[in-house]
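In: here is the input, now give the coordinates:
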Amino acid sequence: MSPTILLLLALGLGLAGWLAARARAWTFARESKTGRLPSLPSYHGWYVALWIVIPILFFVGIWSFFAPGLVMQAVLSSPEAANLPDFDMQRQAILSEARAVANGSSQAVFNPAARDFVELFREAQSFYGWVGFAATCVIGFLGGAFGFLRLKPDFAARTRVERTVMSVLLIASLVAILTTIGILASLVFETARFFTMIGPFDFLFGTHWAPDPMANPDNPDPTRYGAIPLFWGTIFIGAIIAMIVAIPLGLMSAIYLTQYANPKLRAWVKPALEILAGVPTVVYGYFAALTVAPAIRDFAQSVGIAGASSESALAAGVVMGVMIIPFVSSMADDSIAAVPQAMRDGSLAMGATTSETIKRVLVPAALPGIVAGIMLAISRAIGETMIVVMAASTAANLSANPLDSMTTVTVQIVAMLTGEGSFNHPATLSAFALGFVLFMVTLGLNFVALRVVKRFREAYE
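Out: Residues are numbered from 1 along each chain as shown. Predicted coordinates:
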């Protein structure tokens, strides 16, 4: 049985328990002298339903993790497994192909040796599927019986249900924190391994980036792991060129939409502007590579600039700036719109023009939200990969010329983690060090945004 079927079974059992418990609560109400209960009958139903569904969800999560291993173990313990080749990659290829056909994700096997294992996988999956189904029914019955037997006329079901819901919400809120801790821990561990091979000073302050995944990992060349060109390319493309495009256009569009545009025009322009945030980055990459980059190269050559590359930091930065305009515009729009109308009216009543009111009243009052939007846009820009790959190349180049080809940290992370490289090689581990630096930079930007918001926040009644 698939986990989806088990989840549907859990919902069905939970519904049955809810109906039975609610009917039991109505019986208590009719038998009581006052005809009232401490909690509504629906809370009695939810109490029993939670006792059914929550244990089943825990079981399904655990079973989904262990069931594939049990199926594989059953197949490997069969007599046919003795005919598998000794080479591990060949064994895994045969078993994976047979399992894909047994699951229905593949129509036929290409390796003749995998045909003998298709039926074995089907039998093992069917057996353990029924085991999971039976265990789900037993767990649901036991949980429902336990909850149902605790129902009494004076039972405070509402308090128990609300405590359970609060616990679930608390666990959900901790997921983001635990995920962040897990990401940071994995990055720190792998980065520490990398720094045992390459010194932090060589990595953070070196000016030559050319890792060789085929070199001897026991004797790496530290001079090939200087990440300054990557850091500079990330800042130059994502935090300078892109922001030069995004901040003025985003802020001015927000000011126009909130202060000058009529409601009908705003109703069309604002959604159209926010559509830019939903366009896939690969589309922006194609646009940058096929349209913007050649146009910039041809323009540079027409004005006599020699050596203009068809892949340039300027092309990637301009398109990236267009992509993140909605981040700046939406945050600035919401912040300016949140400023009380009385402040605007008061400024105009004292003789200030509309532009003076915007510059001296509205923008300063909305500054925390505007800065938060800019920081969010910068974080989004420095993490972009596809546009840089398609428009600015993968060459690590330390240059201040926007017409030169450059690369960023995220592009090199992808390059180092793809392919056949070993995870014990410094070239592969350098991706984790780059990711750790990028994580710390993004975290620092978030702290700066929080400080600015706290420093300039204004409360209005």
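In: show me the shaky parts of the stretch 351-461 of the chain.
Out: 419-421, 456-461 (pLDDT under 70).
In: if we go to 90?
Out: By pLDDT under 90, the low-scoring segments of the stretch 351-461 of the chain are 351-431, 435, 437-461.
In: swap in the stretch 1-150 of the chain?
Out: Along the stretch 1-150 of the chain, the parts satisfying pLDDT under 90 run over 1-11, 13, 21-44, 60-61, 63-133, 147-150.
In: let me see the contact set for the closest residue to residue 150 other than its chain neighbours.
Out: On the basis of C-beta to C-beta, 6 or more residues apart in numbering, the spatially nearest residue to residue 150 that is not a chain neighbour turns out to be residue 47, at 7.9 Å. (Each C-beta comes from the backbone N, C-alpha and C, glycine too.) Applying C-beta atoms under 8 Å, 6 or more residues apart in numbering to residue 47 gives the contacts 21, 147, 150-151, 157, 160-161.
In: so which of those residues sit within helices?
Out: Under the assignment DSSP state H, the contacts of residue 47 contribute 21, 147, 157, 160-161 to helices.
In: now for those: which two are most distant?
Out: 21 and 160 (12.0 Å; C-beta to C-beta).
In: and residue 406, how many residues sit next to it?
Out: Other residues within reach of residue 406, judged by other C-beta atoms under 10 Å, total 30.
In: contacts only, for it.
Out: By C-beta under 8 Å, 6+ apart, the neighbours of residue 406 are 229, 232-233, 236-237, 312-313, 316, 388, 392-393, 395-397, 399.
In: quick one, which of those are buried?
Out: 229, 232-233, 236-237, 312-313, 316, 388, 392-393, 396-397 (16 or more other C-beta atoms under 10 Å).
In: same list, those, but as a markdown table with secondary structure and distance to residue 351 please.
Out: Shown next, in a markdown table, are those (DSSP: H, G, I helix; E, B strand; the rest coil; distance: C-beta to C-beta, whole Å):
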| residue | secondary structure | distance to residue 351 |
| --- | --- | --- |
| 229 | helix | 54 |
| 232 | helix | 49 |
| 233 | helix | 50 |
| 236 | helix | 45 |
| 237 | helix | 45 |
| 312 | coil | 49 |
| 313 | helix | 47 |
| 316 | helix | 47 |
| 388 | helix | 50 |
| 392 | coil | 50 |
| 393 | coil | 55 |
| 396 | coil | 57 |
| 397 | coil | 54 |
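In: which of those residues lies closest to residue 51?
Out: Using C-beta to C-beta, the buried ones among the contacts of residue 406 come closest to residue 51 at residue 388, 52.4 Å.
In: can you verify my assumption that that closest one contacts residue 412?
Out: No: applying C-beta atoms under 8 Å, one finds residue 388 not in contact with residue 412, separated by 10.0 Å.
In: contacts only, for residue 315.
Out: Contacts of residue 315 by C-beta under 8 Å, 6+ apart are 288-289, 292-293, 296, 391-392.
In: strands - which of these land there?
Out: Among the contacts of residue 315, none falls in strands (DSSP state E).
In: as a markdown table, those residues with distance to residue 334 would be great.
Out: Listed next are the contacts of residue 315 as a markdown table, based on distance: C-beta to C-beta, whole Å:
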| residue | distance to residue 334 |
| --- | --- |
| 288 | 29 |
| 289 | 33 |
| 292 | 30 |
| 293 | 34 |
| 296 | 34 |
| 391 | 31 |
| 392 | 32 |
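In: just the buried ones from these?
Out: The neighbour-count test (16+ other C-beta under 10 Å) marks 288-289, 292-293, 296, 391-392 as buried among those.
In: what about those, which are in helices?
Out: Counting by DSSP H, the buried ones among the contacts of residue 315 place 293, 296, 391 in helices.
In: residues touching the second one, list them.
Out: Taking C-beta under 8 Å, 6+ apart, we find residue 296 in contact with 308, 312, 314-315, 318, 403.
In: repeat that for the first one.
Out: Under the criterion of C-beta under 8 Å, 6+ apart, the neighbours of residue 293 are 310-312, 315-316, 391.
In: hang on, the earlier thing: mind checking which of residue 21 and residue 160 has more residues around it?
Out: More crowded of residue 21 and residue 160, by other C-beta under 10 Å: residue 21, with 27 against 19.
In: show me what contacts the residue lying closest to that one once chain neighbours are set aside?
Out: Leaving aside its sequence neighbours, residue 21 sits nearest to residue 48 (C-beta to C-beta, 6+ apart; 3.7 Å). By C-beta under 8 Å, 6+ apart, the residues touching residue 48 are 17-18, 20-21, 144, 147-148, 151.
In: columns distance to residue 335 on top of those residues, output as JSON lines?
Out: Formatted as JSON lines, the contacts of residue 48 follow (distance: C-beta to C-beta, whole Å):
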{"residue": "17", "distance to residue 335": "48"}
{"residue": "18", "distance to residue 335": "45"}
{"residue": "20", "distance to residue 335": "52"}
{"residue": "21", "distance to residue 335": "49"}
{"residue": "144", "distance to residue 335": "51"}
{"residue": "147", "distance to residue 335": "48"}
{"residue": "148", "distance to residue 335": "53"}
{"residue": "151", "distance to residue 335": "51"}
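In: let me know the closest of the contacts of residue 406 to residue 207.
Out: Residue 207 lies nearest to residue 229 out of the contacts of residue 406, by C-beta to C-beta, at 6.6 Å.
In: list the buried residues for stretch 264-274?
Out: For stretch 264-274, by 16+ other C-beta under 10 Å, it's 270, 273.
In: tell me the gap between stretch 134-149 and the middle of its chain.
Out: 36 Å (C-alpha atoms, centre = their mean, to the nearest Å).
In: and if you look at stretch 242-262?
Out: On the basis of C-alpha atoms, centre = their mean, stretch 242-262 sits 28 Å off its chain's mean C-alpha point.
In: quick one: mean pLDDT for that stretch?
Out: On average, the pLDDT along stretch 242-262 is 90.
In: quick one: residues in contact with that stretch.
Out: Contact with stretch 242-262 is made by 266, 269-270, 273, 317-318, 320-322, 324-330, 332-333, 336-337, 354, 358, 362-363, 370, 373-374, 377-378, 381, as judged by C-beta under 8 Å, 6+ apart.
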